[in-house]
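Undergrad: With the input below, show me the fold.
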Amino acid sequence: MDFTISENIKRIRYDIEDAKAKYRKHDDIVKIMAVTKTVPYERVNYAISEGITLLGENRVQEYLSKKNFYNKNAEVNFIGHLQTNKIKYIIDDITLIHSVDSIKLAAEIDKQSEKLQKCMDVLIEVNIGKEESKSGVHPEMLGEILDEMSLLKNIRIKGLMTIPPVFNSEESFEKMQMLFNEFKAKRTDNINMDILSMGMSSDYALAVKYGSNIVRIGSGIFGTRK
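TA: Now for the predicted structure:
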């Protein structure tokens, strides 16, 4: 047994409850996602045995090599940059794609979903800091992108995701919360702004302050990647 993982999960849960007590309603649900990049499936399964019910995959090939060994009590989301030619390999297993950053990618997800007669839940990745090194939709383009994507019949837009600049994460989280609330209030067909995915190992408590309901934590659970 890996007691370090157990202790890490306890600490994260405590931090989230503490942030909720200060800034949120007591009954708000904040999901802890275990980010599994480079983590052996045995350690992932131990985290699942400790009550983690949501996994985040970054790389298609790595996911395909591990998926059959995962405890089936956890659902799997895809959170990494996704190439259009790789969608077909994950579309049948993944319950939510966090990293949709273009109409082209959304259209291919729609196409592959139609083949399976399913409707794929997706989040739009927002490049809130407009950083050249990161993918994602710039905030001022979000309305136009949402309008176009909402016309696709085999995807459901469930919310927004972001990775903020390291130097001003609080300002970025606040901006994301405002964007999320703005588009949630519009109630557009095929857009249900239920999920705000932001916050990682270094800033998840701050993200909870600004409305995140999925925090994506890798090293905070499993330790530093080797």
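Undergrad: name the helices or strands packed onto the lengthiest helix in the chain?
TA: Across the chain, the helix with the greatest residue count (assigned by DSSP state H) is helix 3-23. Applying 3 or more C-beta pairs under 8 Å, 6 or more residues apart in numbering; DSSP states H and E, one finds that helix 3-23 contacts strand 31-35, helix 41-49, helix 204-209, strand 214-217, helix 219-222. C-beta: built from backbone N, CA, C; applies to glycine.
Undergrad: at 7 Å what do you get?
TA: helix 41-49, helix 204-209, helix 219-222 (3 or more C-beta pairs under 7 Å, 6 or more residues apart in numbering; DSSP states H and E).
Undergrad: what are the ranges of the helices in the chain?
TA: 3-23, 41-49, 60-66, 87-90, 103-115, 142-149, 169-186, 204-209, 219-222.
Undergrad: got these as JSON lines, with distance to Ile195, mean pLDDT and mean neighbour count columns?
TA: Formatted as JSON lines, the helices of the chain follow (distance: least, C-beta to C-beta, whole Å; pLDDT from 0 to 100; neighbours: other C-beta atoms under 10 Å):
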{"stretch": "helix 3-23", "distance to Ile195": "16", "mean pLDDT": "96", "mean neighbour count": "15"}
{"stretch": "helix 41-49", "distance to Ile195": "21", "mean pLDDT": "96", "mean neighbour count": "18"}
{"stretch": "helix 60-66", "distance to Ile195": "20", "mean pLDDT": "97", "mean neighbour count": "15"}
{"stretch": "helix 87-90", "distance to Ile195": "19", "mean pLDDT": "97", "mean neighbour count": "17"}
{"stretch": "helix 103-115", "distance to Ile195": "16", "mean pLDDT": "97", "mean neighbour count": "18"}
{"stretch": "helix 142-149", "distance to Ile195": "14", "mean pLDDT": "95", "mean neighbour count": "16"}
{"stretch": "helix 169-186", "distance to Ile195": "9", "mean pLDDT": "94", "mean neighbour count": "17"}
{"stretch": "helix 204-209", "distance to Ile195": "13", "mean pLDDT": "97", "mean neighbour count": "22"}
{"stretch": "helix 219-222", "distance to Ile195": "20", "mean pLDDT": "96", "mean neighbour count": "21"}
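Undergrad: Fine, thanks again, bye for now.
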